[in-house]
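Trainee: Okay, predicted coordinates and the sequence, questions at the end:
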Amino acid sequence: MIFPTHKEKSKYNRTMKGLFKSKPRTPADLVRQTRDLLIYLDSNDAPKKSTTKLNFKMAQLCKLLRDMKLVLYGNSESDPVAEACAQLTKEFFKEDTLRPLINFLPKLNLEARKDATQVVANLQRQPVRSQLIASDYLAANGDLMDLLVSGYEDPGMALHYGGMLRECIRHQVIARYVLRSEHMKKFFDYIQLPNFDIAADAAATFKELLTRHKSTAAEFLSSNFDWFFAEYNSRLLQSTNYITRRQAVKLLGDILLDRSNSAVMVRYVSSKDNLRLLMNLLRESSKSIQIEAFHVFKLFVANQKKPPEIISILIANKSKLLRLLQELNIDKENEQFDADKAQVIREIFSLDAKDHQ
């Protein structure tokens, strides 16, 4: 009997391994299998299956999400391939995979949720034939934004849904959808949630909605001026939470100083109630809040068409304001701030009751 040599055995083993080696999955395979598993695991029949089988399917789904992330982000050994990214993106939105993924997200483990969030985020930026097809898909499925915004109400899911939401509103059509929805009123609650991380995430999304797409944000602020700034003033600028007040006055400055919002700015600085609120913020013990409040307060003073009631308030508080402004300094040397402050002081100093009677 002739026994095979070690070399022949090795060759045989390599041949057999080659025969049974699984074929690498294409991006289209990854998307199709992911969607099938999501639908299967979320179906009414799933609980009737054995725990062992369900765990196996869940492990498969988690691996598929990791594999999709690998295609989109690459790793330390290889960079993502544009063609593969485009194929995965095309299949993902063509097969309507985002909806079941969002719905099933709470049932995934933490690592899989992170992978899914990163996949969804990346897909928003992936071009297919120079087109961001994610934008078209989301425009046709706006109700998914309703799910993502409401996700802030679930402490376990808020950061994942919030991360997805911010990437989706990179698309102007989606930002417009959220701004025009009733959801905008919810952000005044979300920003003040007791969980600091969730409140900060909601604040980041709120800021993105109001600053990323200039024309869309300006349209929203103009159309919703009364209720929006009433809520903003009472709930954010006068919040008992220091961080909320500081972030709110900073964002208010960013909004009003943006050229796109010039009409909104003039309207805001023509209100005596708004002026009184900013004057109170100027008196805060926090230097940060004082500085940010100054950047808004100077707009009231610089307005060349100040209403009589604004002038009256400035004159009535002239000495207090001049003293407060003289003492207001920032730690680092800042020529622009010093110049602005000097100009505001000159403007207030020159106001004379006799000239405005």
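Mentor: Yes, it's here.

Trainee: Would you check how far apart the closest residue to Phe93 other than its chain neighbours and Leu123 are?
Mentor: Nearest residue to Phe93, sequence neighbours excluded (Cβ to Cβ, 6 or more residues apart in numbering): Tyr137, at 4.2 Å. To be clear about C-beta, it is placed using only N, CA and C from the backbone, and glycine gets the same treatment. Using Cβ to Cβ, to the nearest Å, Tyr137 is found at 9 Å from Leu123.

Trainee: do Gln60 as well
Mentor: Taking Cβ to Cβ, one finds Gln60 at 21 Å from Leu123.

Trainee: Looking at the two, which is more packed in?
Mentor: It is Leu123, of Gln60 and Leu123, that has more neighbours when counted by other Cβ atoms under 10 Å, with 24 against 15.

Trainee: And the helices in the stretch 1-150 of the chain?
Mentor: Taking DSSP state H, counting those that start in this stretch, the helices of the stretch 1-150 of the chain run over residues 6-20, 27-41, 51-73, 82-94, 98-104, 110-123, 133-140, 143-150.

Trainee: Buried residues, the second one. List them.
Mentor: Right, the one you point to is helix 27-41. For helix 27-41, the neighbour count (16 or more other Cβ atoms under 10 Å) marks Pro27, Leu30, Val31, Arg32, Gln33, Thr34, Arg35, Asp36, Leu37, Leu38, Leu41 as buried.

Trainee: Same question for stretch 223-238.
Mentor: Using 16+ other Cβ under 10 Å as the test for burial, stretch 223-238 gives Phe228, Phe229, Tyr232, Asn233, Leu236, Leu237.

Trainee: Just the ones of the residues you listed in helices?
Mentor: Within the buried residues of stretch 223-238, residues falling in helices by DSSP state H are Phe228, Phe229.

Trainee: Check the gap between Leu321 and Tyr268 for me.
Mentor: 19 Å.

Trainee: So what's the predicted local confidence for Glu95?
Mentor: pLDDT recorded at Glu95 is 85.

Trainee: ok, now which ones touch the closest residue to it other than its chain neighbours?
Mentor: In this structure, Glu95 finds its nearest non-sequential neighbour in Arg35, 5.3 Å apart by Cβ to Cβ, 6+ apart. Residues in contact with Arg35 (Cβ atoms under 8 Å, 6 or more residues apart in numbering) are Glu95, Asp96, Thr97, Pro100.

Trainee: Distance to Pro127 for those residues - can I get that in TSV?
Mentor: Compiled in TSV, the contacts of Arg35 are given as follows (distance: Cβ to Cβ, whole Å):
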residue	distance to Pro127
Glu95	19
Asp96	20
Thr97	18
Pro100	24
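
Trainee: surely Ala248 meets Tyr232?
Mentor: Yes - under the criterion of Cβ atoms under 8 Å, Ala248 makes contact with Tyr232 at 6.9 Å.

Trainee: that older thread, of all the helices of the stretch 1-150 of the chain, which one is nearest Glu335?
Mentor: helix 110-123 (39.3 Å; Cβ to Cβ).

Trainee: Give me the residues contacting that closest one.
Mentor: Identification of contacts with helix 110-123 by Cβ under 8 Å, 6+ apart yields 61-62, 65-66, 68-69, 72-73, 88-89, 92-93, 98, 101, 105, 108, 134, 157, 160, 163-164, 167.
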